[in-house]
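*Asks:* Have a look at this prediction, sequence included:
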Amino acid sequence: MPVGVNQNEEYDQCLKSGDIDAVHIGLPNHLDCEYTVRAARGGVHVLCEKPMAVDEEECERMIASCEESKTKLMIAYRLHFEEANLEAVKIASSGQLGDLRIFSSVFSQQVDEDNVRATEPESRGVSTTWESIASTRRAGLFTSSFGAVKTSEYSLIGTKGRLRLSPAYDYSVPLAYELVIGDR
């Protein structure tokens, strides 16, 4: 449901009141940038649900607004504090895997065409309907799709071993990792 005029006015009044230290933005994705920028301009810290925004340009605007206003911008993502991921970071940092060389991640699921994650309102004038994205960053490969069979895994490969989580991004099952050092 779109945010109405009264809610817009109330939001700005709250920001200006001096009573608000931070906001938690859990709006449809296409509104995240606007409401984050408004909060930053009001000197209010922001916790924004993922995804941060609909494109890189909006993310950069959000970051710049918060830097300019010296407010904190945080993106809510539960897996940063998930036990198996914390252990994976500990193992990767310990040197057990040797020199880290490759990180690969695959996350895919089937999403209905009208899901807000796959489309934006026509009022924005741009459709973000997409099915798959692959991105490489140095020795990392990140693949995501809203049009493929459900897959949730990542691997970290070093000169001495590898660590793999599958499933890696689920919340309905406990996550566990597989660790291989040399041949064991």
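*Replies:* Alright, I've got the coordinates.
*Asks:* so where's this protein uncertain?
*Replies:* 1-5, 116-138 (pLDDT under 70).
*Asks:* How is it divided into domains?
*Replies:* For the chain, automatic domain parsing gives the domain ranges 5-76, 79-181.
*Asks:* Find the helix or strand that residue 156 is a member of.
*Replies:* strand 147-158 (DSSP states H and E).
*Asks:* all helices for this structure, in order.
*Replies:* 5-17, 32-41, 56-69, 83-94 (DSSP state H).
*Asks:* got the angle between the first one and helix 32-41?
*Replies:* Relative orientation of helix 5-17 versus helix 32-41 (axes from the mean of the first three to the mean of the last three Cα atoms, to 10 degrees): 30 degrees.
*Asks:* and helix 5-17, what other elements does it pack with?
*Replies:* helix 32-41 (3 or more Cβ pairs under 8 Å, 6 or more residues apart in numbering; DSSP states H and E). Quick note: C-beta positions are derived from backbone N, CA and C, even for glycine.
*Asks:* how distant is the helix it packs on from the center of its chain?
*Replies:* Counting by Cα atoms, centre = their mean, to the nearest Å, helix 32-41 is centred 17 Å from the centre of its parent chain.
*Asks:* That one to helix 56-69, inter-axis angle?
*Replies:* Using the same axes, to 10 degrees: helix 32-41 against helix 56-69 is 10 degrees.
*Asks:* outside of helix 32-41, which residues touch it?
*Replies:* Contact partners of helix 32-41, identified using Cβ atoms under 8 Å, 6 or more residues apart in numbering, comprise 11-12, 15, 23, 25, 27, 45-46, 48-49, 51-54, 58-59, 61-62, 65-66, 68-69, 71, 73.
*Asks:* which of these count as buried?
*Replies:* 11, 15, 23, 25, 45-46, 48, 52-54, 58-59, 61-62, 65-66, 69, 71, 73 (16 or more other Cβ atoms under 10 Å).
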